[in-house]
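Asker: please find the sequence and the predicted model below.
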Amino acid sequence: MEDVGFLAFVGEHMNKFFAYTAFANLTAGHLIMICIGLAFIWLAITKEYEPMLLVPIGFGILVGNIAFMPGFQIGIHESGSVLNYLYFGVLQGVYPPLIFLGIGAMTDFSALISNPKLLLIGAAAQLGIFGAYAIALLVGFSPAEAGAIGIIGGADGPTAIFLSSRLAPDLIGAIAVSAYSYMALVPVIQPPVMRLLTTKKERVIRMKPPRTVTKQEKVLFPIIGLLLTTFIVPSGLPLLGMLFFGNLLKESGVTKRLADTAKGPMIDIVTILIGLTVGASTQATTFLTAKSVGIFALGAISFIIATFGGVMFVKIINLFLKEGNKINPLIGNAGVSAVPDSARVSQIVGLEYDKTNHLLMHAMGPNVAGVIGSAVAAGILLGFLS
């Protein structure tokens with residue numbers, strides 16, 4: 001009898017132990033998300049698509065989809081858990097301005113300063129944001145949700161997180177993962193659109209070399225840029241302020257240690273935290289919804305519209321420029337703020353048609369303009385919709 005009682009005792013506790021394991025709590029949704037996480041890691045390692053982003057996000061998806069019994073304060077959406085504390089920086093929009101500080105400290109705005117009209121290309125590419133916003137409204141999203149979804153078209157993950165934390169906190173995970181996924185797929189999404197919209201003659205246009213920019217111009221740019229943009233769109237101050245501050249640290253020449261910290265250890269630490277926690281927020285029980293699927297579809301559309309807007313804008317302004325001053329429309333795609341990936345796409349596609357025509361330096365102008373443009377667009381949406 002004692003043996004029977006002991007076996008029953010062991011069996012009861014084994015069943016109880018099993019009930020707490022991931023095997024007992026696993027759902028089909030968890031398996032789907034784990035496969036997506038593995039796909040992200042595979043793309044990052046084998047294809048080298050934005051590995052600094054996709055490896056942390058992919059691993060975060062794995063972490064977030066280890067099934068567990070609620071109540072142990074381990075899930076990212078459980079108040080008091082360690083992951084929830086780390087996720088606070090995403091929910092409250094703390095991480096994105098720090099990312100922008102690092103971007104400012106590593107960005108050279110010389111190409112834009114030397115040819116200011118390239119700023120207009122960066123502005124034109126923001127068509128993807130407002131196009132996706134309009135479509136999201138048409139398919140039934142609320143104005144605030146549509147604004148948060150539309151920012152995906154700016155190809156700027158930190159800006160997408162910042163805006164969605166203010167307008168649609170419940171959709172942060174889907175919006176952030178969508179934004180970073182499509183940023184990584186820029187080399188896949190943009191070239192077909194660029195080829196479709198341009199002629200062979202346009203693809204081989206040679207642009208004049210950018211003029212040399214003085215140190216004084218580089219120092220004045222972040223100061224003037226801050227005043228101009230934030231006076232127009234004060235709601236973009238957290239992002240624009242940190243972007244231009246980081247750039248001043250770089251260009252002043254007297255704060256090298258601060259600039260090196262901002263563009264090195266600090267941005268690396270924040271990238272790890274933002275990637276891991278955004279990935280972990282895709283917990284299947286809260287993430288796999290019809291809205292999430294819709295957001296992914298709208299994200300792809302917004303990138304296509306943004307590329308279309310940038311390329312077509314160059315074609316239009318070329319109608320008013322004299323021969324020798326025309327702009328190669330292949331740099332129009334770089335108006336999205338995926339720095340420097342979209343500028344590299346301009347270079348790669350351009351070299352396919354003329355092995356001696358290097359467009360990278362020219363493409364960096366609209367590319368960095370896109371960073372400013374997406375932050376301004378986020379400020380506009382925040383001002384109107386919050």
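Answerer: Looks like it arrived, so ask away.
Asker: what about the stretch 1-150 of the chain, any weak spots by pLDDT?
Answerer: Of all residues in the stretch 1-150 of the chain, those with pLDDT under 70 make up the ranges 1-7, 9-10, 13.
Asker: which helices and strands does the top helix by length along the chain pack with?
Answerer: In the chain, taking DSSP state H as the definition, the longest helix is helix 290-318. On a contact count with 3 or more Cβ pairs under 8 Å, 6 or more residues apart in numbering; DSSP states H and E, helix 290-318 meets helix 118-124, helix 127-138, helix 143-150, helix 172-184, helix 186-197. C-beta coordinates here come from the backbone N, C-alpha and C atoms, glycine included.
Asker: columns distance to Ile304 and mean neighbour count on top of the ones you listed, output as a markdown table?
Answerer: Below are the helices and strands packed on helix 290-318 laid out as a markdown table (distance: least, Cβ to Cβ, whole Å; neighbours: other Cβ atoms under 10 Å):
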| stretch | distance to Ile304 | mean neighbour count |
| --- | --- | --- |
| helix 118-124 | 14 | 24 |
| helix 127-138 | 8 | 21 |
| helix 143-150 | 13 | 26 |
| helix 172-184 | 10 | 26 |
| helix 186-197 | 6 | 18 |
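Asker: with distance to Met14 added, can I get these in JSON lines?
Answerer: Output for these, formatted as JSON lines (distance: least, Cβ to Cβ, whole Å):
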{"stretch": "helix 118-124", "distance to Met14": "62"}
{"stretch": "helix 127-138", "distance to Met14": "50"}
{"stretch": "helix 143-150", "distance to Met14": "46"}
{"stretch": "helix 172-184", "distance to Met14": "35"}
{"stretch": "helix 186-197", "distance to Met14": "49"}
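Asker: between the ones you listed, which gets nearest to Ala44?
Answerer: helix 172-184 (7.7 Å; Cβ to Cβ).
Asker: what about the closest one, distance to the chain center?
Answerer: Taking Cα atoms, centre = their mean, to the nearest Å, one finds the center of helix 172-184 at 7 Å from the center of the full chain.
Asker: that helix to helix 143-150, inter-axis angle?
Answerer: Per axes from the mean of the first three to the mean of the last three Cα atoms, to 10 degrees, the angle that helix 172-184 makes with helix 143-150 is 30 degrees.
Asker: could I get the average pLDDT for helix 172-184?
Answerer: Computed over helix 172-184, the mean pLDDT rounds to 87.
Asker: that one packs against which elements?
Answerer: If contacts are counted by 3+ Cβ pairs under 8 Å, 6+ apart, helix 172-184 sits against helix 28-46, helix 51-64, helix 82-91, helix 157-167, helix 267-280, helix 284-287, helix 290-318.
Asker: return the most buried member of these.
Answerer: Ranked by mean neighbour count under mean count of other Cβ atoms under 10 Å, these are led by helix 157-167, which reaches a mean of 28.
Asker: give me the number of residues near the spatially closest residue to Thr255 that is not a sequence neighbour?
Answerer: Nearest non-adjacent residue to Thr255, counting by Cβ to Cβ, 6 or more residues apart in numbering: Leu249, 4.6 Å away. By other Cβ atoms under 10 Å, 23 other residues sit near Leu249.
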